[in-house]
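Participant: Test case, fold it:
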Amino acid sequence: MIGIDRAADIPAREAIGIIASPAPTEGNSVSFWQSCRRTLQRRDIAPVAGISRTPAVLTVTPSFPAKIVADFISYARANPGKINMASGGIGSLPHVAGELFKFMTGINLVHVPYRGS
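Facilitator: Below you'll find the predicted structure:
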């Protein structure tokens, strides 16, 4: 956020573009974008376009009984709270995507955030 704040303070005659992204691990994505939103509410800069999208992928171990999403959902419904959902940390994009998946499917997965090294 320091970079965006500093860029926002540059006079208009010294035009600048900003490409903003959370850390590669996306561990602090929610707080990053909340900070961006606060900064972008200033009248001296404005978002122009989103330039990338990050896919979210559901993966399981080869021994897991479900091989397609529909079977995964059925298995999770039959075994509530018995499947772990790992992420890079609380509030990370994978965590939020997993919570959305849980909400949309009505399943109960256990979130296991990475605690760092």
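Participant: what about Asp71, neighbour count?
Facilitator: By other CB atoms under 10 Å, the residues close to Asp71 number 13. Where C-beta positions appear, they are placed from N, C-alpha and C, glycine not excepted.
Participant: nope, Val48 is what I was after
Facilitator: By the criterion of other CB under 10 Å, Val48 has 8 neighbours.
Participant: Please apply the same query to Pro94.
Facilitator: Around Pro94 there are 22 residues (other CB under 10 Å).
Participant: Use 18 as the first number from now on
Facilitator: That works, and once the first residue is 18, the last one we named lands at Pro111.
Participant: my guess is it meets Phe118, correct?
Facilitator: No - the pair Pro111 / Phe118 is not scored as a contact, 10.2 Å apart, by CB atoms under 8 Å.
Participant: Which residue ranges of the chain form helices?
Facilitator: Using DSSP state H, the helices found in the chain span residues 19-25, 46-57, 86-95, 110-122.
Participant: mean pLDDT for those helices: which is lowest?
Facilitator: With a mean of 57, helix 46-57 has the lowest mean pLDDT of these.
Participant: So what are the structural domains in the chain, by residue number?
Facilitator: In terms of domains, the chain is parsed into 19-57, 86-130 (source: automatic domain parsing).
Participant: Tally up the residues packed near the nearest residue to Thr122 once chain neighbours are set aside, please.
Facilitator: Nearest residue to Thr122 in three dimensions, chain neighbours excluded: Ile90, at 5.0 Å (CB to CB, 6 or more residues apart in numbering). Applying other CB under 10 Å, we find 16 residues neighbouring Ile90.
Participant: What of Tyr131?
Facilitator: 15.
Participant: For it, give its distance to Pro97.
Facilitator: 23 Å (CB to CB, to the nearest Å).
Participant: what does Arg70 give?
Facilitator: Look at Arg70 and Pro97: by CB to CB, they are 31 Å apart.
Participant: Compare those two (neighbour count), which wins?
Facilitator: Pro97 (12 against 6).
Participant: The more buried one against Ile124, yeah?
Facilitator: Yes - using CB under 8 Å, Pro97 makes contact with Ile124 at a distance of 7.1 Å.
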